[in-house]
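Participant: Predicted model follows, preceded by the sequence.
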Amino acid sequence: MESIYKANEDRYNGMMYRRCGRSGILLPAVSLGLWHNFGSVDLFSNFIRIAHTAFDNGITHFDLANNYGPVYGSAEENFGRILKKGLGAYRDELLISTKAGYDMWPGPYGNWGSRKYLMASLDQSLKRMGLDYVDIFYSHRPDPETPLEETMGALADIVRQGKALYVGISNYNAEQTAKALAILKEHRVPCLIHQARYSLFDRWTEPDLLPLLKEEGVGMIAFSPLAQGLLTNKYLHGIPENSRAAKSTGHLQREQVTEEKINKIRRLNELAMERGQTLAEMALAWLLKDDRVTSVLVGASSVDQLLDNLKALENISFTAKEQERIERI
Ligand SMILES: NC(=O)c1ccc[n+]([C@@H]2O[C@H](COP(=O)([O-])OP(=O)(O)OC[C@H]3O[C@@H](n4cnc5c(N)ncnc54)[C@H](OP(=O)(O)O)[C@@H]3O)[C@@H](O)[C@H]2O)c1
């Protein structure tokens, strides 16, 4: 008979928690994203272990979106199954987020940023996960055709309806972010968090967005902090079969694993080894050295990867020399 999940009693001993902007919320320095590895194409016995290992190690934050899978919706359905099988007993210790903004269902109301789409999508997400509310609901991307007032108004109303406790935005540039924050303030529903791509390989947030978020007291969670696995020891010798770049369902394309990237990865890997870290640990530590980054949102296809990523917390400081070397690479 299957045993019911019981969480590790020491789960809060090793994790670092960081305040999300000027809010009441603390996020674990490492959060778990369910974009890949939790879909209907993946193995339930593997990803339920990843989810349990996460919570057992103090990862309280699980990030989803309506269309994570594949197939669309299946990551939420599977997360609902994980909750039902025991993790849900800890609902008040969990911070669960979902999003809408990308393609989800056919026709004019299943994509982008209309009130019609966001409201309907969140209702569907709640059903799939078997939840009464999510902790954070995001507008997944800005919609150039829909007035920002409509998208932000829908977020504010979702909070008033009690279907989300907080709201966030994702993939908004600094200018769009400033406008969105101002509208949310008018609604008296402050933006809790911005979810943006940020890694050693992708630093678009540095010039404008990060300073703005700091100034406005909004948290920042960095997605794809390992550049989808590039910033690990996985691709040092080419593309292995069991990797995201090799799988037809993965969002990392073979063409993105270029010789130039591999060369940089090797040089970064050397530095990581000198620091006594794996490249994944160093890449995450490098983000967390900046206190404007509330949390790094990792993906993992195995328990071992997740445990490796958690070890990043053992050393998140860098000497000036190490930082210079990274900048040169
Ligand atoms: N808001 C948005 O638009 C948006 C976009 C993308 C992602 N996200 C969020 O961010 C989360 C993370 O994104 P991501 O999955 O791209 O993050 P990532 O952490 O950059 O990449 C995760 C992948 O890297 C590999 N990996 C992870 N740890 C490893 C380790 N220690 N050693 C070797 N390989 C390792 C695994 O790939 P293999 O499968 O190859 O083993 C894993 O699936 C998503 O789940 C989602 O919640 C949000």
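Facilitator: Everything's here; your move.
Participant: helices and strands around the strand or helix carrying S125, which ones?
Facilitator: Taking DSSP states H and E as the criterion, S125 maps to helix 115-129. Packing partners of helix 115-129 (3 or more Cβ pairs under 8 Å, 6 or more residues apart in numbering; DSSP states H and E): helix 74-84, strand 95-100, strand 134-139, helix 148-160. All C-beta atoms are positioned from the backbone trio N, CA, C, and that covers glycine.
Participant: Can you list the strands that the third one pairs with?
Facilitator: Translated: strand 134-139. Strand pairing for strand 134-139, using DSSP bridges, gives strand 95-100 (parallel), strand 164-170 (parallel).
Participant: Send over the first one as CSV, restricted to the C-alpha atoms.
Facilitator: So the one you mean is strand 95-100. What follows is strand 95-100, C-alpha atoms only, in CSV (Å, rounded to 0.1, in the frame of the first residue of the first chain):
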residue,chain,number,x,y,z
LEU,A,95,3.2,29.5,-1.7
ILE,A,96,1.7,28.4,-5.1
SER,A,97,1.7,30.6,-8.1
THR,A,98,0.2,30.3,-11.6
LYS,A,99,-0.1,32.5,-14.6
ALA,A,100,-2.0,33.3,-17.8
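Participant: tell me the mean pLDDT over stretch 272-284?
Facilitator: Across stretch 272-284, pLDDT averages out at 98.
Participant: and what of stretch 255-267?
Facilitator: 94.
Participant: ok, is it in contact with the ligand or not?
Facilitator: No: against the ligand, stretch 255-267 shows no contacts by Cβ under 6 Å from any ligand atom, the least distance being 10.7 Å.
Participant: Would you mark the buried spots in that stretch?
Facilitator: 257, 262, 264-265 (16 or more other Cβ atoms under 10 Å).
Participant: Show me which pair in the residues you listed is furthest apart.
Facilitator: Farthest-apart pair in the buried residues of stretch 255-267 is V257 and K264; separation 11.5 Å (Cβ to Cβ).
Participant: Near the residue of the stretch 151-300 of the chain found nearest the ligand, how many other residues are there?
Facilitator: Residue nearest to the ligand within the stretch 151-300 of the chain (Cβ to the nearest ligand atom): G299, separated by 2.3 Å. Residues contacting G299 under the criterion other Cβ atoms under 10 Å number 23.
Participant: can I assume it is in contact with W35?
Facilitator: Yes: between G299 and W35 there is a contact under Cβ atoms under 8 Å: 6.0 Å.
Participant: ok, how many other residues are close to the nearest residue to M282 once chain neighbours are set aside?
Facilitator: Excluding its sequence neighbours, the residue lying closest to M282 (Cβ to Cβ, 6 or more residues apart in numbering) is A272, at 3.8 Å. Neighbours of A272 under the rule other Cβ under 10 Å: 22.
Participant: what pairs with the spatially most central residue of the chain across the strands?
Facilitator: The structure's the chain has its C-alpha centroid closest to L297; by Cα atoms, centre = their mean the separation is 3.6 Å. Under the criterion DSSP bridges, L297 forms beta bridges with S31, F223.
Participant: list the contacts for it?
Facilitator: By Cβ atoms under 8 Å, 6 or more residues apart in numbering, the contact set of L297 is 31-33, 63, 195, 221-225.
Participant: Could you report the distance from R128 to the ligand?
Facilitator: R128 sits 16 Å away from the ligand when distances are taken as Cβ to the nearest ligand atom, to the nearest Å.
Participant: quick one: contacts for that residue?
Facilitator: Residues counted as contacts of R128 (Cβ under 8 Å, 6+ apart) are 73, 76-77, 80.
Participant: Test for you: state the pLDDT assigned to the nearest residue to it once chain neighbours are set aside.
Facilitator: Closest residue to R128 apart from its sequence neighbours, by Cβ to Cβ, 6+ apart: E76 at 4.0 Å. Each residue has a pLDDT score; the one for E76 is 98.
Participant: Surely E76 touches L64?
Facilitator: Yes: the criterion here is Cβ under 8 Å, and E76 meets it with L64 at 5.4 Å.
Participant: who's more crowded, the two?
Facilitator: Counted by other Cβ under 10 Å, E76 and L64 do not tie: E76 has more neighbours, with 29 against 26.
Participant: Distance-wise, check that one relative to the ligand.
Facilitator: Distance of E76 to the ligand, given as Cβ to the nearest ligand atom: 12 Å.
Participant: again, but for G101
Facilitator: Counting by Cβ to the nearest ligand atom, the gap from G101 to the ligand is 8 Å.
Participant: for that residue, what are its contacts?
Facilitator: 111-113, 138-141, 143, 170-171.
Participant: re the thing from before, name all residues that sit in contact with G299 and W35 at the same time.
Facilitator: Common contacts of G299 and W35 (Cβ under 8 Å, 6+ apart): none found.
Participant: Residue numbers of the chain in contact with the ligand?
Facilitator: Residues of the chain found near the ligand (Cβ under 6 Å from any ligand atom) are 33-37, 63, 140, 170-171, 195, 223-229, 232, 234, 243-244, 280, 297-301, 305, 308-309.
Participant: ok, back up a step: so of the strands paired with strand 134-139, which one's packed in deepest?
Facilitator: strand 95-100 (a mean of 25; mean count of other Cβ atoms under 10 Å).
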